[in-house]
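Q: A structural model of the following input is requested.
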Amino acid sequence: MADRVTDRRPPPGAWSAYRMIAAMWIRSALAYRASFVMMLAGNFLVTAFDFVVIALMFSQVRSLGGYSFAEVAFLYGTSTTSFGLANALLGSIDKLGARVRDGTLDTLLVRPVPVLAQVAADRFGLQRLGRLLQGVLVLTGALVTLDVHWTVLKVLLVPLMLLCGTAIFCAVFVAGAAFQFWAQDAAEVQSAFTYGGQTLLQYPPTVFAKDMVRGVTYVFPLAFVNWLPALYVLGRPYPLALPHWLAFAPPPVAALCLALAALAWRAGLRGYRSTGS
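A: Model prediction:
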């Protein structure tokens, strides 16, 4: 009798699993087109209020911290676009604390798929693209109206800034989720660094105290998302007398942040104790 051939396919990798789970939720969202369009428009309009506030400020003043409206719009557009990409990819991960509390995380541990991919893709919210679209529109308008002497280096620095900013925000999302393994009610703490950090970077560093700028440069490196590279593009002086070469430091900083976030995630996952339910 011929040997029985069994189909033992290897389990999907992290990215393949993420795509499959996200695609399932996207199909679910698109099944109700009118509802999806309304949620997308609502997300776009809600996030647009942040820029409306900036526009209202400039209806009363000529500059904000020495920066023109186009320059602030550039800062807003770069931070919102980077955060919008990270939020679209990993926004669901901030619900990890709730999974730990109710025990539903245990169901993910028994599947032959990386837990991080499952948590990040679960309930993938396609409506989050509203924030990303709004950031791209503001950034496009800023690039058109900016009075900047564009060089090849500055042109290349803009997409590099967006990619590295997205990576840094992704690292913040993962590190915040890892913290929720120990502090299950820390979703608001995580939001303070993700949503709060994105709001901070919408404004020029000159409007903040020097201690705040030091903190987001040396301790929690959000300044590398857009402040430092953007100041090079705009030809603006650097805060704290920082060297200009830091404008090109986002790639190694983003790599370091991702590595530290991965270590934090692994430590949290290894230290997790099942609820037993």
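
Q: Report the buried residues of the longest helix along the chain.
A: The single longest helix within the chain, with elements called by DSSP state H, is helix 152-179. Within helix 152-179, the residues that count as buried by 16 or more other Cβ atoms under 10 Å are 154, 157-158, 161-162, 164-179. All C-beta spots, glycine's among them, are computed from the backbone N, C-alpha and C.

Q: Can you list the low-confidence ranges for the stretch 1-150 of the chain?
A: Low-confidence segments of the stretch 1-150 of the chain (pLDDT under 70): 1-12.

Q: Spell out, range by range, the helices that occur in it.
A: Secondary structure of the stretch 1-150 of the chain by DSSP state H, counting those that start in this stretch: the helices cover 14-30, 33-58, 69-90, 96-102, 105-109, 115-121, 129-145.

Q: Just the CA trace of the first one, in CSV.
A: It stands for helix 14-30. The C-alpha coordinates for helix 14-30 follow below in CSV (Å, rounded to 0.1, in the frame of the first residue of the first chain):
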residue,chain,number,x,y,z
ALA,A,14,3.8,37.3,10.3
TRP,A,15,3.2,39.4,7.2
SER,A,16,1.2,36.8,5.4
ALA,A,17,-1.0,36.3,8.5
TYR,A,18,-1.4,40.0,8.9
ARG,A,19,-2.5,40.4,5.3
MET,A,20,-5.0,37.5,5.5
ILE,A,21,-6.6,38.8,8.7
ALA,A,22,-6.7,42.4,7.5
ALA,A,23,-8.2,41.3,4.2
MET,A,24,-11.0,39.5,6.0
TRP,A,25,-11.9,42.7,8.0
ILE,A,26,-11.7,44.8,4.9
ARG,A,27,-14.1,42.6,3.0
SER,A,28,-16.4,42.8,6.1
ALA,A,29,-16.3,46.6,6.0
LEU,A,30,-16.8,46.9,2.3
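
Q: From the chain's centroid, how far away is it?
A: 19 Å (Cα atoms, centre = their mean, to the nearest Å).

Q: tell me the angle of it relative to helix 33-58?
A: 100 degrees (axes from the mean of the first three to the mean of the last three Cα atoms, to 10 degrees).

Q: Determine the set of other helices and strands touching helix 14-30.
A: helix 33-58, helix 115-121 (3 or more Cβ pairs under 8 Å, 6 or more residues apart in numbering; DSSP states H and E).

Q: Give me the contacts around it.
A: The contact list for helix 14-30, computed with Cβ atoms under 8 Å, 6 or more residues apart in numbering, reads 12, 35-36, 113-114, 116-118, 120-127.
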